[in-house]
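1. Sequence first, then the predicted structure, then my questions.
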Amino acid sequence: MRFLIMVLSTYTISCGSYTIVKPTPYWNEVLAKQYEEFVEDARYYGVEVPPREMVIRADFGNPKQFYEHGEGIDTIGICVIAEQDKIVLGGGRLLPYISAEEWREVIIEHHEEYDLEFKSIVYHEFGHCYFNLPHDDKEWAIMHKYNNYTQLEDWDNSLEYFFGKLYE
Ligand SMILES: [Zn+2]
């Protein structure tokens, strides 16, 4: 049984109890640019994105360890939503949370920063963090649990479906 996993420098996950420190507000400029494009794309589909500050920190890191704690899947991005007594990891997995402070954070594992796959991953995490979107069963959906490249085959259609979900 794993008792302690260090994630970045400010996170401590311990087995049974879960302590997580509210991150220092910070936005990586590549991700800030992605946010601006997200707002523009959303506007095209008639969707208003909440203010950027809703996510207090967006940066590159190693989110894999969050998932190793419970799911052991390979992942390249995560949205952390801390609220009341729980932490919601992107996709809806719940972990106990002992602080009452509320905040949201996006972490993208660093790899190619400017291709469409990268954008798809970032939009996926923004979907969780800005719109509380859950995962979608459709393989080509941006909110599908895995980035499997089919999201990129018809990006405009994937985008339309993504923002269309917000009207349901
Ligand atoms: Zn997800």
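-> Noted; the coordinates are in hand.
2. Lys145 against Gly91, yeah?
-> Yes - under the criterion of CB atoms under 8 Å, Lys145 makes contact with Gly91 at 6.2 Å. All C-beta spots, glycine's among them, are computed from the backbone N, C-alpha and C.
3. what residues does the chain put near the ion?
-> 90-91 (CB under 5 Å from the ion).
4. So, low pLDDT: which residues of the chain?
-> Residue ranges of the chain with pLDDT under 70: 1-20, 63-75, 110-114.
5. can you map out the helices along it?
-> Assigned by DSSP state H, the chain shows helices spanning 29-44, 64-68, 116-131, 150-153, 155-164.
6. tally of neighbours for Gly46?
-> For Gly46, the count of nearby residues is 10 (other CB atoms under 10 Å).
7. Kindly report the same for Tyr44.
-> Other residues close to Tyr44 by other CB under 10 Å number 11.
8. any idea how far it lies from Asn28?
-> In this view, Tyr44 and Asn28 are 24 Å apart by CB to CB, to the nearest Å.
9. returning to what we had before: in a markdown table: the helices of the chain, plus distance to Ile56.
-> Converted to a markdown table, the helices of the chain look like this (distance: least, CB to CB, whole Å):
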| stretch | distance to Ile56 |
| --- | --- |
| helix 29-44 | 12 |
| helix 64-68 | 17 |
| helix 116-131 | 10 |
| helix 150-153 | 27 |
| helix 155-164 | 23 |
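10. residues in contact with the closest residue to Leu31 other than its chain neighbours?
-> Nearest residue to Leu31, sequence neighbours excluded (CB to CB, 6 or more residues apart in numbering): Ala58, at 4.2 Å. Residues in contact with Ala58 (CB atoms under 8 Å, 6 or more residues apart in numbering) are 26-28, 31-32, 35, 105-108.
11. and which of those residues is nearest to the ion?
-> Nearest to the ion among the contacts of Ala58: Val106, at 10.9 Å, using CB to the ion.
12. if I look at that closest one, how far off is Asp137?
-> For Val106, the distance to Asp137 - CB to CB - is 23 Å.
13. out of the two, which sits in the busier spot?
-> Neighbour count, other CB under 10 Å: between Val106 and Asp137, Val106 has more, with 30 against 8.
14. hmm, back to that, please work out which of the helices of the chain is packed deepest.
-> For the helices of the chain, the largest average neighbour count (mean count of other CB atoms under 10 Å) is found in helix 116-131, namely a mean of 22.
15. same for that one, what does it pack against?
-> helix 29-44, strand 77-83, strand 103-109, helix 150-153, helix 155-164 (3 or more CB pairs under 8 Å, 6 or more residues apart in numbering; DSSP states H and E).
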